[in-house]
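Peer 1: attaching a predicted model along with its sequence, questions to come.
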There are 2 protein chains.
Amino acid sequence: MSSTNSLSVDELGSAAQRDRRKRILDATIALATQGGFDAVQMRAVAEQADVALGTLYRYFPSKIHLLVSALAREFERANASIGERPVPGDTSSERVIYVLRKTTRGLQGDPHLTEALTRAFMFADASVAAEIHTVGILLTRMLTHAMHPGQTDLTDDDIAIARVIGDVWLSALVGWVTGRTSAAETAAHMEKAVHLLLRD
Amino acid sequence: MSSTNSLSVDELGSAAQRDRRKRILDATIALATQGGFDAVQMRAVAEQADVALGTLYRYFPSKIHLLVSALAREFERANASIGERPVPGDTSSERVIYVLRKTTRGLQGDPHLTEALTRAFMFADASVAAEIHTVGILLTRMLTHAMHPGQTDLTDDDIAIARVIGDVWLSALVGWVTGRTSAAETAAHMEKAVHLLLRD
DNA sequence: CATGAAACTGGAACGTGTTCCTATTATGGA
DNA sequence: TCCATAATAGGAACACGTTCCAGTTTCATG
């Protein structure tokens, strides 16, 4: 609820504050991309963002908040770029699978970053609920948009299906980032789930 | 793969080793039940199990291994007690929901323990794959058994559906233990997913 | 029983997330 | 412009997971 930690684009604060926040998130993404969750060390983030450790903690109260906020920012970017073009595919399942494949491919191209963000997401507790909720909303919107392009009034079933697909996606992602399943297995399992839920 | 960390009931080693292993897991469960993930501190586990810290690490190479092993033991116990009686219900979905409700209720009766075990499960990396896989097998078996009691030859769809339900269950559990969703929401979402997947 | 290997104990030590404190610097209103 | 307040820098300190080590005990084997 605090404005400092809000997800929507840097809304409040001075230009200097917005700049610091951006530098911190950029450093986070850079370190996560290089070495994953373990490489995102608070001292390293602070140094790379040219900020004192205490200041880092003033902007983000924990490593988890930091990573989930970074995730939310990346997610908003990805979501915006997907919304530009209409989703190709003749049926709901084709379109959903298209979106999932595209997103998953993007994530798998940056395995360390994905590992860091997924780990943080799964480890987050109630104090990160706001950020988590934002990500959940974006994900559900992305999926329902693929299911029913341009449609605004969705049934409860549509939303429930989107949430189930999101759950499967998350589980698959966790399995993949923790090295328990291959990329191919991950994709196959997700697509199977989509077909089971959307029979068209 | 090491015999010491095997999941199936204390198979190898001397009686003293089996006893130490049991004491350690008992201490883990006790501490987790009291205070959750954070309360399971390696020094505290060692002290309560009356074992040196180095010995604890000889039996379980990390806190995550320790907690996931504890989870597997609890899961085997629960699974055994469920297998005793036939599952009530006239349809697949009724039976699956019965099993989910019962299991979830059990977990929610021990919120701290559930939080500790779920957190560990979600944080586990590839080095814990064996233990994780065991839990996954047990869960899938539990669900397919509820779907088709006594049946041994299952279709690919049956297994896929069970896995999807397992994914939803896990996501719901994570949401609940991290304080993002209430018990009622958790249950409702799971049951909705079951109905979407098993339309009978 | 004697002996060498393996396991165990007790505790020091290290790394990283987190907290805290003091001195310094930016900021915004009178 | 000047002042009060907040924000930041720099860094010490603490907690807990993890590693490591020296000395002791247990245990299997000849």
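Peer 2: All right, it came through fine.
Peer 1: for chain B, see how far away the closest residue to A:Ala32 other than its chain neighbours is.
Peer 2: Once flanking residues are discounted, A:Ala32 sits nearest to A:Ala116: 3.8 Å by CB to CB, 6 or more residues apart in numbering or on different chains. Placement of C-beta: from N, CA and C, glycine included. From A:Ala116 across to chain B, the span is 13 Å (CB to the nearest CB, to the nearest Å).
Peer 1: surely A:Ala116 touches A:Phe37?
Peer 2: Yes - using CB atoms under 8 Å, A:Ala116 is in contact with A:Phe37, at 4.3 Å.
Peer 1: does A:Gly13 count as helix, strand or coil?
Peer 2: coil (DSSP: H, G, I helix; E, B strand; the rest coil).
Peer 1: quick check: it vs chain B, distance?
Peer 2: Distance of A:Gly13 to chain B, given as CB to the nearest CB: 27 Å.
Peer 1: how about A:Gly106?
Peer 2: Counting by CB to the nearest CB, the gap from A:Gly106 to chain B is 21 Å.
Peer 1: what helix or strand is that residue located in?
Peer 2: Assigned by DSSP states H and E, A:Gly106 belongs to helix A:92-108.
Peer 1: pLDDT of the helix or strand just after that helix, averaged?
Peer 2: Next helix or strand after helix A:92-108 toward the C-terminus (DSSP H and E): helix A:111-123. The average pLDDT within helix A:111-123 is 92.
Peer 1: buried residues in helix A:111-123?
Peer 2: Residues A:112-123 are the ones in helix A:111-123 that count as buried (16 or more other CB atoms under 10 Å in any protein chain shown).
Peer 1: could I get these as a markdown table with distance to A:Glu76?
Peer 2: Shown next, in a markdown table, are those (distance: CB to CB, whole Å):
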| residue | distance to A:Glu76 |
| --- | --- |
| A:His112 | 21 |
| A:Leu113 | 15 |
| A:Thr114 | 16 |
| A:Glu115 | 20 |
| A:Ala116 | 17 |
| A:Leu117 | 13 |
| A:Thr118 | 17 |
| A:Arg119 | 20 |
| A:Ala120 | 16 |
| A:Phe121 | 15 |
| A:Met122 | 20 |
| A:Phe123 | 21 |
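Peer 1: ok, of those, which one's closest to B:Met142?
Peer 2: A:Met122 (22.6 Å; CB to CB).
Peer 1: show residues contacting stretch A:140-158.
Peer 2: Contact with stretch A:140-158 is made by A:79, A:82-83, A:86-87, A:89, A:92, A:95-96, A:98-99, A:103, A:159, A:161-163, A:165-166, A:198, B:196, as judged by CB atoms under 8 Å, 6 or more residues apart in numbering or on different chains.
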